[in-house]
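J.: Fold the following and give me the result.
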Amino acid sequence: MEKNIEVLRTEGDINLTKTRTLWQGKHLSKESFELLNDDSKYYLHQSLSTPCLNIIEKSYGIYIEDIDGRKYMDFHGNNVHQIGYGNEYVIQAVKEQLDILPFSPRRYTNKVAIQLAKKLVDIAPESLNKVLLTPGGTSAVGMALKLVRKVTGKFKTISMWDSFHGASLDAISVGGEALFRNGMGPLMPGSLHIAPYNSYRGLFDDDNGRFKSLDYLEYILERENEIGAIILEPVRCTDVHIPPKEYYQRLRNICDRNNILLIFDEIPTALGRTGKMFTFENFGVIPDIVLLGKGLGGGVFPMAAMLVKGELDVAQDIALGHYTHEKSSLGCAAALATLNYIEEFKLIDKANQLGNYMRIRLEKMQEQYEIIGDVRGIGLLYGVELVLNRNSKEKAISEAEQVMYKCMEKGLSFKVSQGNVLTLTPPLIIKEHELELAMDILEQSIQEILGQ
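T.: From the prediction side, this is the model:
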């Protein structure tokens, strides 16, 4: 069981520990426990969620608030909250659309769906000029995998161990997390994996800048000529690893030389999170397919998109998506308002400015506290890796969980990934004094669990 618990920790903090039980007993009201018991009674239990942590009643701006009136700055948000919760631009756009066209049946299009597609093409590089919409990111992954087969005639893919591309059977096949794959039996054939880039715990010594993991990729391609695509997260949003530009430029070259499509899954990281509208813009390369989701719906409506190069528009004789809510008028209104809000209020500039402040604060903490083994970040996305020993890099799993619950006591919520990485993704609308308070809370919590 203990080994299974360690596997469960890869995607987030888990709901099976004594620390969680103690926190709930100390902070939750009788009403909260009654509602949690009802939730547990009616929902299927699964790792990471049911049984749940708490009962949330409100979400607004950068905050979530429980039924007892306790509010938390949300530095998790499932990565849907780039423009905050309850954003008035998005809410107003959806309200207006509800009065005009609450649902758009398939076979038809609608004005706001066309406007959204045009907007996505306008903000993307010129070559990414075709769009397909879908209600969720996992579905976007599935559409991309089908398009690859249609375009290339090949069914095999290469993806990264530890990656997350969704929870459906095709998505977990190309995904690399044991939490989703274990015990599922045969997965989608042709799904090959390699080790991801990891600047702190990499399997390969990449000090020479050649990237031996890519050497291994080329080794595979010399022996396997049926690969249609490589799919990966350009920045892993949980334990936050950011390859250098040279990594992706070489990867792009490898794909071009071998006639392989390059798919970037930016579902959790696009739309300003990394200091650019698209994550790939940080690396000087353009993928053949880029996937968006999560925050695209403004934290209000589930919405995702696939952007592809125009020459890949070759699937008219099959259905890549064909989802009931594919061109949802409400979802498109929310997404269009989200993109306009990011631009109008210059949230990308803000992500870079506040991200620099965040880096300075976290690196100062690293200098002061030996438990912080590594700090990694880009834009307003940071991972703080806690270790018991900087030389051995042994994971400080218990301590990371304690820090998280200490922070929640003080009004800061975030996610723990890989068992020991504090993953910090504040909304891009956060104010400087709020970010400063969050950093103070984090530092105070680290001090407390260290007994300082």
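J.: Just the buried positions in whichever helix or strand Asp215 is part of, please.
T.: Under the criterion of DSSP states H and E, Asp215 resides in helix 212-223. Buried residues in helix 212-223, counted by 16 or more other C-beta atoms under 10 Å: Lys212, Ser213, Leu214, Leu217, Leu221. Placement of C-beta: from N, CA and C, glycine included.
J.: How far off centre is that helix?
T.: 27 Å (C-alpha atoms, centre = their mean, to the nearest Å).
J.: Residues contacting that helix, please?
T.: The contact list for helix 212-223 (C-beta atoms under 8 Å, 6 or more residues apart in numbering) reads 158, 192, 194-197, 202-206, 227, 230, 247, 250-251, 254, 258, 260.
J.: Could you identify the helix or strand that succeeds it?
T.: Next along from helix 212-223, by DSSP H and E: strand 227-232.
J.: Partner strands of that next one, with direction?
T.: Paired strands of strand 227-232, with direction, are strand 156-160 (parallel), strand 261-265 (parallel) (DSSP bridges).
J.: Tell me which of these sits most buried.
T.: Counting by mean count of other C-beta atoms under 10 Å, strand 261-265 has the highest mean neighbour count of the strands paired with strand 227-232, with a mean of 26.
J.: contact partners of that one?
T.: Applying C-beta under 8 Å, 6+ apart, the contact partners of strand 261-265 are 137, 141, 144, 148, 151-152, 163, 165, 228-234, 251-252, 255, 279-280, 285, 287-291, 312.
J.: any idea of the mean pLDDT for that strand?
T.: Summarised as a single mean, pLDDT over strand 261-265 is 98.
J.: how far off strand 156-160 does the helix holding Asp215 point, in degrees?
T.: Counting by axes from the mean of the first three to the mean of the last three C-alpha atoms, to 10 degrees, helix 212-223 points 170 degrees away from the direction of strand 156-160.
J.: Now helix 212-223 - C-alpha only, PDB.
T.: The C-alpha coordinates for helix 212-223 follow below in PDB (Å, rounded to 0.1, in the frame of the first residue of the first chain):
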ATOM      1  CA  LYS A 212      21.400  12.700 -24.300                       C
ATOM      2  CA  SER A 213      17.700  12.100 -24.000                       C
ATOM      3  CA  LEU A 214      17.400  13.400 -27.600                       C
ATOM      4  CA  ASP A 215      20.300  11.200 -28.600                       C
ATOM      5  CA  TYR A 216      18.200   8.300 -27.300                       C
ATOM      6  CA  LEU A 217      15.200   9.700 -29.300                       C
ATOM      7  CA  GLU A 218      17.300   9.600 -32.500                       C
ATOM      8  CA  TYR A 219      18.500   6.100 -31.600                       C
ATOM      9  CA  ILE A 220      14.800   5.000 -31.600                       C
ATOM     10  CA  LEU A 221      14.000   6.700 -34.900                       C
ATOM     11  CA  GLU A 222      16.900   5.000 -36.600                       C
ATOM     12  CA  ARG A 223      15.200   1.700 -35.800                       C
END
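J.: what's the model's confidence in it, averaged?
T.: 95.
J.: Over to stretch 321-334?
T.: 96.
J.: quick one: buried residues of it?
T.: Buried-residue list, stretch 321-334, by 16+ other C-beta under 10 Å: Gly321, Tyr323, His325, Glu326, Lys327, Ser328, Ser329, Leu330, Gly331, Cys332, Ala333, Ala334.
J.: Can you flag which of those belong to helices?
T.: Ser329, Leu330, Gly331, Cys332, Ala333, Ala334 (DSSP state H).
J.: Tell me who's in contact with the fifth one.
T.: For Ala333, the contacting residues are Ala93, Val94, Glu96, Gln97, Val112, taking C-beta under 8 Å, 6+ apart as the criterion.
J.: now these: which count as buried?
T.: Using 16+ other C-beta under 10 Å as the burial test, the contacts of Ala333 include Ala93, Val94, Gln97, Val112 as buried.
J.: For the helix or strand containing the first one, name the packing helices and strands.
T.: So that's Ala93. Element membership for Ala93, per DSSP H and E: helix 88-100. Under the contact criterion of 3 or more C-beta pairs under 8 Å, 6 or more residues apart in numbering; DSSP states H and E, helix 88-100 touches helix 329-344.
J.: got the angle for the helix it packs on vs helix 88-100?
T.: Using the same axes, to 10 degrees: helix 329-344 against helix 88-100 is 150 degrees.
J.: any idea which helix or strand comes after helix 329-344?
T.: Using DSSP H and E, the helix or strand that follows helix 329-344 in sequence is helix 347-368.
J.: Mind listing what's buried along that following helix?
T.: Leu347, Ile348, Lys350, Ala351, Asn352, Leu354, Gly355, Met358, Arg361, Leu362, Met365, Gln366.
J.: for stretch 113-121, same thing?
T.: Ala113, Leu116, Ala117, Lys119, Leu120, Val121.
J.: Identify the residues contacting it?
T.: With C-beta under 8 Å, 6+ apart as the test, stretch 113-121 has contacts from 104, 128-131, 133, 292, 305, 307, 327-329, 332, 335-336, 339-340.
J.: Quick one: distance of it to the chain centre.
T.: Distance of stretch 113-121 from its chain centroid, counting by C-alpha atoms, centre = their mean, is 23 Å.
J.: My read is that Tyr248 contacts Val235, right?
T.: No: between Tyr248 and Val235 there is no contact under C-beta atoms under 8 Å: 10.4 Å.
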